[in-house]
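In: have a look at this prediction, sequence included:
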Amino acid sequence: MKSFISSTVMALVPLGALWPPGNISQASQAVQSQQANSQLPERMLLANAADDRFYQQAKKELREDWYVIYRIVDKMARANGLDESPWRIRIVPLDVFNATASELNVLTFYNGLLDQLHGDYDALACIIGHEMAHHTKNHIAFGEANLKTRRAQLQAEAEAAVVAEVNAAQEQQQNNAILGTILGGVFGTQSGTIGGTLNDIMRSSSADQQRQLQQRVQQIYAEKERQFLQEAIAQNHSQEYEADAVGYTYAVTAGFKPEGCQRAMNVMNRLSGSQSPSLTHPSTPDRMARLQALRQQTPPAALAQQGRAQLARSPRPLRYGISRDRVSLRVESRFGSQNIDDRLR
């Protein structure tokens, strides 16, 4: 699971409790003015009217937070060509300023974050883009697979290293100065067949030798784990920088203002511990500086123009529905947004 700030325990509630109509704020984006509409072909006018009715119905059916996030994901997916597969939205009722990306295209937002950014759709879009980027850049699958298997591999590597050391000592039939210091000199004169596994060597060793073998395995494992941790931190930070940059691009391409990213970071910068890098995230000031540099390198107007062209190719709203897990809102892909009766005519 990748997060905007740090990993937290997810406490989910059934979407059914959040689905019925509630007090909906004016969260939808402004529709085109009547003057602008008058310049459009009749076919486009009819499509816009149908789309507007669709969004108005969504506003009635969804609670405010769900509707706002749906609208942002819908537009961002279509503007960036990210609508070939569905997205799932979860909201966690905890007062935590965080958002996470997990599983397959799942975007999770915590009440604390939604409260702090309430009404600032540009800032929220930047965070949504960040979490979407974790998925599109395959950070989730790579990270989870790495964590699940790497420690077992380190243990196997440590045991193999000890076996190699013991075999080398037996083959030379003399104490190597380094091995004598590390292993207590007990294997330099040990007799037996070279080869086998660590368990084979343990069975032919005394209790004192077994203890020294185990200590040596732990020593090698600890050094390998230290190196792995350094690599993991570097990888995590690299992925966060990438998600910041790609998420910024997604948001601005979809027409959201680039200042929103800076405002989101400003809020996070006031959180405890954000001034220093952690195991999973770079320091917030460093992330802010990189985003500012990116804004100067990539003109927002050029990105927004690309987004408008993409939206013209994918103009219809993506449909939505309750996911089968009953705790998330599914934003359909452009293929899933097709009506089966229309598709089979």
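Out: That came through fine.
In: strands of the stretch 151-300 of the chain, start to end?
Out: Assigned by DSSP state E, counting those that start in this stretch, the strands in the stretch 151-300 of the chain number zero.
In: pLDDT below threshold where in it?
Out: Within the stretch 151-300 of the chain, the stretches with pLDDT under 70 are 173-195.
In: helices of that one, start to end?
Out: Here the stretch 151-300 of the chain has its helices, by DSSP state H, counting those that start in this stretch, at 177-183, 198-203, 207-253, 259-268, 284-297, 300-313.
In: for Arg326, find the nearest of the ones you listed.
Out: helix 207-253 (28.1 Å; CB to CB). From N, CA and C alone the C-beta is placed, and that goes for glycine too.
In: what packs against that closest one?
Out: In terms of contacts (3 or more CB pairs under 8 Å, 6 or more residues apart in numbering; DSSP states H and E), helix 207-253 is packed against helix 64-79, helix 121-136, helix 139-172, helix 177-183, helix 198-203, helix 259-268, helix 284-297, helix 300-313.
In: ok, back up a step: hey, which of the helices of the stretch 151-300 of the chain is tucked in deepest?
Out: helix 259-268 (a mean of 20; mean count of other CB atoms under 10 Å).
In: tell me the angle it makes with helix 300-313.
Out: 110 degrees (axes from the mean of the first three to the mean of the last three CA atoms, to 10 degrees).
In: what sits up against helix 259-268?
Out: Under the contact criterion CB atoms under 8 Å, 6 or more residues apart in numbering, helix 259-268 has outside partners 4-5, 97, 116-117, 120-127, 244, 247-248, 251, 274, 284, 287-288, 291-292.
In: can I get stretch 248-268 as PDB, trimmed to CA atoms?
Out: Only the C-alpha atoms of stretch 248-268 are listed here, as PDB (Å, rounded to 0.1, in the frame of the first residue of the first chain):
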ATOM      1  CA  TYR A 248       0.700  17.000 -10.600                       C
ATOM      2  CA  THR A 249       0.700  16.300 -14.300                       C
ATOM      3  CA  TYR A 250      -2.600  14.400 -14.100                       C
ATOM      4  CA  ALA A 251      -4.300  17.200 -12.100                       C
ATOM      5  CA  VAL A 252      -3.100  20.100 -14.200                       C
ATOM      6  CA  THR A 253      -3.800  18.200 -17.500                       C
ATOM      7  CA  ALA A 254      -7.400  17.700 -16.200                       C
ATOM      8  CA  GLY A 255      -7.700  21.500 -15.800                       C
ATOM      9  CA  PHE A 256      -7.000  21.800 -12.100                       C
ATOM     10  CA  LYS A 257      -4.900  24.700 -10.900                       C
ATOM     11  CA  PRO A 258      -1.200  23.900 -10.200                       C
ATOM     12  CA  GLU A 259      -1.300  26.000  -7.000                       C
ATOM     13  CA  GLY A 260      -3.500  23.200  -5.500                       C
ATOM     14  CA  CYS A 261      -0.500  20.900  -5.100                       C
ATOM     15  CA  GLN A 262       1.400  23.600  -3.200                       C
ATOM     16  CA  ARG A 263      -1.600  24.200  -0.900                       C
ATOM     17  CA  ALA A 264      -1.900  20.400  -0.200                       C
ATOM     18  CA  MET A 265       1.800  20.300   0.600                       C
ATOM     19  CA  ASN A 266       1.500  23.400   2.800                       C
ATOM     20  CA  VAL A 267      -1.000  21.600   5.000                       C
ATOM     21  CA  MET A 268       1.100  18.500   5.200                       C
END
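In: can you put the helices of the stretch 151-300 of the chain in a markdown table and add distance to Trp66?
Out: Formatted as a markdown table, the helices of the stretch 151-300 of the chain follow (distance: least, CB to CB, whole Å):
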| stretch | distance to Trp66 |
| --- | --- |
| helix 177-183 | 60 |
| helix 198-203 | 55 |
| helix 207-253 | 19 |
| helix 259-268 | 20 |
| helix 284-297 | 28 |
| helix 300-313 | 22 |
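In: out of these, nearest to Leu104?
Out: Leu104 sits nearest to helix 207-253 of all those, at 16.6 Å, using CB to CB.
In: how far off helix 139-172 does the closest one point, in degrees?
Out: 150 degrees.
In: figure out how far stretch 251-264 is from the centre of its chain.
Out: 19 Å (CA atoms, centre = their mean, to the nearest Å).
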